[in-house]
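fold the following for me, if possible:
(4 chains)
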Number of protein chains: 2
Amino acid sequence: MLNKAEKNRNQIVNAASKLFYRQGYEYTSFTDIASESGIPRGNFYYYFKTKEDILDAVIGTRKDNFRKLLDSWNTEFATPLERLHRSLNMLKNSEPEVIRYGCPMGTLNTELGKADHPHRDDARAMFDLFRNWLVEQFQALGRDDADQLAMHLLARTQGITVIAHTYRDPEFIHREAERLHQWLDSLVADYQQ
Amino acid sequence: MLNKAEKNRNQIVNAASKLFYRQGYEYTSFTDIASESGIPRGNFYYYFKTKEDILDAVIGTRKDNFRKLLDSWNTEFATPLERLHRSLNMLKNSEPEVIRYGCPMGTLNTELGKADHPHRDDARAMFDLFRNWLVEQFQALGRDDADQLAMHLLARTQGITVIAHTYRDPEFIHREAERLHQWLDSLVADYQQ
DNA sequence: GTCTATATGTAGATAGAC
DNA sequence: GTCTATCTACATATAGAC
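Below you'll find the model as predicted:
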């Protein structure tokens, strides 16, 4: 049960997260967040000292949500291969948003990495969650090059989102996702030989 | 031979291009461009009406330079396979900059694509240059899926730059570039069977 | 806790002397 | 063509009444 203050705070963070994703952090103003959340500009400073503090909270909730998602896959699927396939389905499941706005993790890291922003490392930590989870799955498959495979898969998925976003091409996502599913299966086939 | 006005204009565009790459378009101010180029802020408006006009010129010169590079490969290498391998070497050749700032084409497209910027399409045209050139090479290899292969290669290289930039990992670039060289060779091996 | 009014800085852009 | 001084708008941030 949330009290009113917590509810307001969440509204601000959710509106900010949505807008940071759709417009980018720098392009999003307090005025934008105010109209999206319905909470007056001036009130933000009761909940957050600075815009960066909002960014901090946004990254925090995104990490929480992603961690829960990864945990749910661990529970739901018995084998690492099934889990990995499930993780690839993220591409298809969020296809419309990816086409319009790119990858929420990737684009934020690109923006903050360029500017050498104080929150660059926090943004990267979103990737770390996925990277570490991938390493666990590849290790469970018995691969001793688990980290390299994890990085490779990360890069493949990021590349797909960048190009799909640039060209607004949904079909490309599906085609490349299929390639990745096949790549996963071929890894296991190699291993079983 | 350039007159003084043309020289000044070039200095502005070159400074802007460098800063848009290193900091992003939105993070770069006229003050930044002034101190980088040595030309006073106020003078910009003699050469350009708006900041967007500078962006336009920056994209234009980047496209010109890239076109020349692609043409030089066409001249220098006899076979499409050699040309494709040469294009992959861009990753290694510009490794230090990619680590720090990402891909100049990719990150600009990501920024302008998010904001639905008026210059989104112009930025994408930089990718089109490379994409069309890749299609020509794959067609010359006799592939009827040339465009899909071109898009695939584009995505692979973009993914590598995003992850290498995020993790500031030079070794990753070299490892993944090597994978791509192998992938190219495997394509030709398939074809020759 | 909430809201309005306002401070402060800096962005892009302009005017006009030289 | 070049430069300084300045405008206007809007960004983040603050103060203080309620």
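
please make it C-alpha for all contacts and neighbour counts, starting now.
Will do.

in terms of helix, strand or coil, where does A:T28 fall?
Secondary structure for A:T28, judged by DSSP: H, G, I helix; E, B strand; the rest coil, is coil.

my bad, should have said A:D144
A:D144 - assigned by three-state DSSP - is coil.

residue ranges with poor pLDDT in chain A?
Counting by pLDDT under 70, the low-confidence segments of chain A come to A:1-2, A:190-193.

now A:D116, what's its secondary structure?
coil.

ok, it to DNA strand D distance?
For A:D116, the distance to DNA strand D equals 17 Å [CA to the nearest atom of the strand, to the nearest Å].

and that residue, how many neighbours does it have?
Using other CA atoms under 10 Å in any protein chain shown, A:D116 has 14 other residues around it.

same thing with A:A164?
As a measure of burial, A:A164 has 26 neighbours, counting by other CA under 10 Å.

with A:Y45 instead?
10.

where's it, which helix or strand?
Using DSSP states H and E, A:Y45 sits in helix A:44-47.

from the chain's centroid, how far away is that helix?
Centroid separation between helix A:44-47 and its chain, computed with CA atoms, centre = their mean, to the nearest Å, is 26 Å.

now do stretch A:106-125
Worked out by CA atoms, centre = their mean, stretch A:106-125 lies 13 Å from the chain centre.

and that stretch, anywhere near chain B?
Yes - against chain B, stretch A:106-125 shows contacts by CA under 8 Å from any CA of the partner chain at A:106-107, A:109-111, A:113-115, A:124.

in the helix holding A:Y45, which residues are buried?
By neighbour count with 16 or more other CA atoms under 10 Å in any protein chain shown, helix A:44-47 contains the buried residues A:F44.

and that helix, what does it pack onto?
Using 3 or more CA pairs under 8 Å, 6 or more residues apart in numbering or on different chains; DSSP states H and E as the contact criterion, no helix or strand is in contact with helix A:44-47.

need the residues that contact that helix.
By CA atoms under 8 Å, 6 or more residues apart in numbering or on different chains, the list of residues contacting helix A:44-47 from outside reads A:9, A:12.

give me that answer again for 10 Å
Helix A:44-47 is contacted from outside by A:5-6, A:8-10, A:12, A:30, A:33-34, A:50-51, A:53-54, using CA atoms under 10 Å, 6 or more residues apart in numbering or on different chains.

number of nearby residues for A:N65?
A:N65 has 12 neighbouring residues, counting by other CA under 10 Å.

state the distance from it to A:L153.
A:N65 sits 21 Å away from A:L153, going by CA to CA, to the nearest Å.
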